[in-house]
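>>> starting from these lines, generate the structure:
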Amino acid sequence: MTEVMISLRRSPRKLLERDGHPGPGPGSMAVVMARAGVGKTAFLVGVGLDAMLAGQKVLHISLDGSVDKVRAWYDDILMAMLTTDKKLEHATDIQLAVERRRHIHTYQGDTFTVERLRDAVTMLRDVMHFEPEVILVDDMEVVDRDTTAAIKEVAKEAGAELWMTCQIFRDGPQGEAGHLPPPVDQIEDLTDLAFRLDSYETKNRLHVLKDRDQMLDEDLHILLDPQTHLVTVALGT
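Numbers count the residues shown, from 1 in each chain. Prediction:
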């Protein structure tokens, strides 16, 4: 079953590794930024599925949605992956494995705190014997430096890599050359990897803006289909 699972081709992290930008690694943080509706959640769910299909355990934190809504994202994207790769006969077994390797926690309104996150990670470890290797935090409406640093510390204590999404805006202050755009510039030094999704014709296109200590603005030729929510490689690359 493991061989079937890792053979799925629609893999965000593998495409990033192909282009020389592997995931952040334990204790480090990647930020995916985009304007509203461009695909941040879909990309983050793809990262989560990628991790689980590789055998890792994932904790998904949503700050704007119910558990059922987040689970539906995973189910829809997984089914699209299996359909594209013609592996629907394995759907039941793979869905079961994904469920075992994932926990979803949601926090509505202002109910999220770093202490609640730390307590959740501790409870999962001590009571449920579930130690996340990847922590996903979706829908950070307000970028706060102290909060982000504390979330990253929780991930580091857990030995997990951290992925976060953040909304950027067409209107408003523009970023300085050589720096991440607002509001992510406030946490630039905390960010190990930074990606931006841009709407481009019928697809959303991924750029890398930072990789460890190097500031970039590189088109990765990785597309996110807004209909299927799957990643693919741009033609001609």
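>>> tell me where this structure has helices.
Taking DSSP state H, the helices of the chain run over residues 2-6, 12-18, 40-53, 67-84, 91-100, 114-126, 145-158.
>>> what's the closest of the ones you listed to residue 61?
Of all those, helix 114-126 sits nearest to residue 61, with 6.8 Å by CB to CB. Yep, even glycine has a C-beta here, placed from its N, CA and C like the rest.
>>> on that earlier part again, among the helices of the chain, which is the most enclosed?
helix 40-53 (a mean of 24; mean count of other CB atoms under 10 Å).
>>> worst-scoring helix or strand of the protein, pLDDT-wise?
Sorting the helices and strands of the chain by mean pLDDT, DSSP states H and E puts helix 2-6 at the bottom, at a mean of 52.
>>> so how far is residue 82 from the residue of the chain positioned farthest from its centre?
Most distant residue from the mean C-alpha position of the chain: residue 89, 26.9 Å away (CA atoms, centre = their mean). Distance of residue 89 to residue 82, computed by CB to CB, to the nearest Å: 9 Å.
>>> neighbours of residue 88, just the number please.
Around residue 88 there are 11 other residues, counting by other CB atoms under 10 Å.
>>> ok, and the closest non-adjacent residue to it?
residue 82 (5.1 Å; CB to CB, 6 or more residues apart in numbering).
>>> give the contact list for that neighbour.
Taking CB atoms under 8 Å, 6 or more residues apart in numbering as the contact definition, residue 82 lies against 8, 88, 90, 91, 94.
>>> low-confidence ranges in this structure?
Along the chain, the model assigns pLDDT under 70 to residues 1-10, 172-173, 235-237.
>>> which residues touch the residue nearest the centre of the chain?
With distances taken as CA atoms, centre = their mean, residue 44 lies nearest the centre of the chain, 2.8 Å away. Taking CB under 8 Å, 6+ apart, we find residue 44 in contact with 32, 60, 136, 138, 163, 165.
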